[in-house]
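J.: sequence first, predicted coordinates after that:
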Amino acid sequence: MKKTQVAIIGAGPAGLAAAIEIARAGGEVTLLDENHKPGGQLFKQIHKFFGSGEHRAGIRGFKIGEQLLEDTEKLGVNVLLDSPVYSIFEDFVIGYTHDGREKAIQAERIILATGASENALAFPGCTLPGVMGAGAAQTMINVHRVLPGKKIIMVGSGNVGLIVSYQLLQAGADVVALIEAAPEIGGYGVHASKIRRAGVAIYTSHTIQEVIGEDSVEGAVIVGLDEEWRPIKGTEKFIEVDTVCIAVGLSPLAELAWLAGCEFAFVPSLGGHIPKHDRNMETTIKGLYVAGDLTGIEEASSAMEEGRLAGIACAESLGLYSEEKARHLKEKVWARLDALRTGPFGERRRDAKRKLMDLMEGGADIG
Amino acid sequence: MAKGIKKTGIPSWEELKASPGLPDADRLEEGPVAFIECVQEIPCNPCEDVCPFGAIEVGSPITNLPKLYGKKCTGCGLCVAACPGLVIFKVHKNYTDSTSLVEFPFEYHPLPKTGKTVRCVNREGKFVVEGKVVKVRNPKQFDATPLITVEVPKKYFLEVRSIERKRWC
């Protein structure tokens, strides 16, 4: 069986950043991803990122992705693409498939950076062609350069809903409306301002009642919600659209962590069931680390920092870094992470993360 | 009608006036100046980094709202292109006796041509007035965030914030 020092599952921003850290420390890394190309969601992000210079703020996401790929190549990270991992067995044997064949690789350490998947929303007509996740629409326009529709309604005002609406406008579609069930816009005001200037109407306290169409989407009926989030009769409104994009949050892709036997905590504000982890991003299973959206839904900049953290801690545990050197490096990453998790948007995530990490303090059951 | 950035996606006048990124009334009279409509504490500071004159301060934590030092601002517009949120504008109130200039980021295709008359819109995307494109800047340094300057009647310089984009569909 093939062996590797560190196996990283998921080549998105967190996995790539972790791979770079370990390779830089002199470790040998194998990075597995189910997709045909590495980069995860980064290559769909055509907007300029927030943060500060050290987070590469002001740089467009796909360019950050290009830089990460260049670094992994230079450092000689072994990347296995088209290789979906289906399980983690005893002694860190990883089962995956490639080219229709079953394969296995054994690692001394594993970092899970499997990301998240889009939440669905059920309503009459939600199975009609033309109803899709906002992430799917983003893949179509920014990766494949295909316009999913001409007149679009976006459901959900988190940053995904707002950013994808903007990018749909840039791609030449018309976003007729954006609706949000909560009484306030969820994402950054600057993203909302951008699409308002472009003429997109935002309806807060509204939900989608049904989507109408024979073989595909022909229109959507939206309805106002009262303070108890119940539909208000008489406020129904028909909007002619050919596409409905759903951006109602993400859930961590935690299957492999479950299979590996990690202990979990349920943290709604981070997206659901999260594998417990400490400040080194190590789970309740010794030698198994996690990073990125799997550890709580945030965004790419934090995912990269968490990947670095897991990478450094992993390298330390392999003896590639002295304790002192590792502490120094980790402190720098933590300072950058804390900076990203300040302000009214970040504090909630920071507090939830802290609570989650506190769960590990009490001497959790180790592997 | 509820107002404000969280409700409508548009900063209210109260929110704008409370923001430290707006030039004061005297500075507006003196010539082109940055007009920073950043009203939410999000972790972001490229505006501070890009300003060659130290006219914008975010400091630490990076969620501080950017503070504009109007006296140091030369109206170069670098921050307008650098703001990832696209909420910095440049205004030149007294361009002529009767007109002002407004410069804004515009990441849509096609870009208008200099000299053309365009339909200018407000923060809601609603038509306000026709204006003339006096400049389109799109150097490599701006990384695909072109800046457009329109000349509009003076009374609209606080209102005009973009132009109608071409409808492809």
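T.: Thanks, I have it.
J.: switch to C-alpha atoms for all contacts and neighbour counts from now on
T.: Will do.
J.: note down every partner strand of the helix or strand containing residue A:274 and its orientation.
T.: Take DSSP states H and E as the rule and residue A:274 turns out to sit in strand A:272-275. Paired neighbours of strand A:272-275 in the sheet (DSSP bridges): strand A:264-267 (antiparallel).
J.: quick check: buried residues in the partner strand?
T.: residue A:264 (16 or more other C-alpha atoms under 10 Å in any protein chain shown).
J.: list the contacts of residue 89.
T.: All of this is about chain A. Residues counted as contacts of residue A:89 (C-alpha atoms under 8 Å, 6 or more residues apart in numbering or on different chains) are A:95, A:260.
J.: please go with chain B instead
T.: B:34-37, B:77, B:80, B:102-105, B:161.
J.: what are the bridge partners for the closest residue to chain B within the stretch 1-150 of chain A, then?
T.: Nearest to chain B, among the residues of the stretch 1-150 of chain A, is residue A:51, at 4.2 Å (C-alpha to the nearest C-alpha). Under DSSP bridges, the beta-bridge partners of residue A:51 are residue B:44.
J.: before we move on, the earlier item: any chance of the contacts of residue B:89 in a markdown table with pLDDT as columns?
T.: Formatted as a markdown table, the contacts of residue B:89 follow (pLDDT from 0 to 100):
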| residue | pLDDT |
| --- | --- |
| B:34 | 98 |
| B:35 | 98 |
| B:36 | 98 |
| B:37 | 98 |
| B:77 | 97 |
| B:80 | 98 |
| B:102 | 98 |
| B:103 | 98 |
| B:104 | 98 |
| B:105 | 98 |
| B:161 | 98 |
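J.: JSON lines please, covering these and showing distance to residue A:114, neighbour count and secondary structure.
T.: As requested, the contacts of residue B:89 are arranged in JSON lines below (distance: C-alpha to C-alpha, whole Å; neighbours: other C-alpha atoms under 10 Å in any protein chain shown; DSSP: H, G, I helix; E, B strand; the rest coil):
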{"residue": "B:34", "distance to residue A:114": "42", "neighbour count": "29", "secondary structure": "strand"}
{"residue": "B:35", "distance to residue A:114": "42", "neighbour count": "28", "secondary structure": "strand"}
{"residue": "B:36", "distance to residue A:114": "38", "neighbour count": "26", "secondary structure": "strand"}
{"residue": "B:37", "distance to residue A:114": "37", "neighbour count": "24", "secondary structure": "coil"}
{"residue": "B:77", "distance to residue A:114": "41", "neighbour count": "22", "secondary structure": "coil"}
{"residue": "B:80", "distance to residue A:114": "36", "neighbour count": "27", "secondary structure": "helix"}
{"residue": "B:102", "distance to residue A:114": "45", "neighbour count": "30", "secondary structure": "strand"}
{"residue": "B:103", "distance to residue A:114": "42", "neighbour count": "28", "secondary structure": "strand"}
{"residue": "B:104", "distance to residue A:114": "39", "neighbour count": "25", "secondary structure": "strand"}
{"residue": "B:105", "distance to residue A:114": "36", "neighbour count": "28", "secondary structure": "strand"}
{"residue": "B:161", "distance to residue A:114": "41", "neighbour count": "25", "secondary structure": "coil"}
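J.: so which of the residues you listed are also by chain A?
T.: Residues of the contacts of residue B:89 in contact with chain A (C-alpha under 8 Å from any C-alpha of the partner chain): residue B:161.
J.: which one among the contacts of residue B:89 gets closest to chain A?
T.: residue B:161 (7.4 Å).
J.: wait, isn't the closest one in contact with residue B:102?
T.: Yes: if you go by C-alpha atoms under 8 Å, residue B:161 and residue B:102 touch, sitting 7.2 Å apart.
J.: need the contact list for the residue lying closest to residue B:120 once chain neighbours are set aside.
T.: Using C-alpha to C-alpha, 6 or more residues apart in numbering or on different chains and skipping residues adjacent in sequence, the residue nearest residue B:120 is residue B:163, 4.2 Å away. Contacts for residue B:163 were tallied using C-alpha under 8 Å, 6+ apart; they are B:118-121, B:125.
J.: again, but for residue A:132
T.: Residues in contact with residue A:132 (C-alpha under 8 Å, 6+ apart) are A:243-246.
J.: relative to chain B, how far out is the residue lying closest to residue A:221 once chain neighbours are set aside?
T.: Distance criterion C-alpha to C-alpha, 6+ apart; nearest residue to residue A:221, sequence neighbours excluded, is residue A:238 at 4.4 Å. Distance check for residue A:238 against chain B: by C-alpha to the nearest C-alpha, to the nearest Å, it reads 19 Å.
J.: residues making contact with the helix or strand that contains residue A:238?
T.: Assigned by DSSP H and E, residue A:238 belongs to strand A:237-239. Residues outside strand A:237-239 that contact it (C-alpha under 8 Å, 6+ apart) are A:219-223.
J.: state the helix or strand in which the residue nearest to the spatial centre of chain B lies.
T.: Centroid-nearest residue in chain B, with C-alpha atoms, centre = their mean: residue B:89, separated by 1.2 Å. Using DSSP H and E, residue B:89 sits in strand B:88-92.
J.: circling back: look at the residue nearest to residue A:221 and say how many residues are nearby.
T.: 14 (other C-alpha atoms under 10 Å in any protein chain shown).
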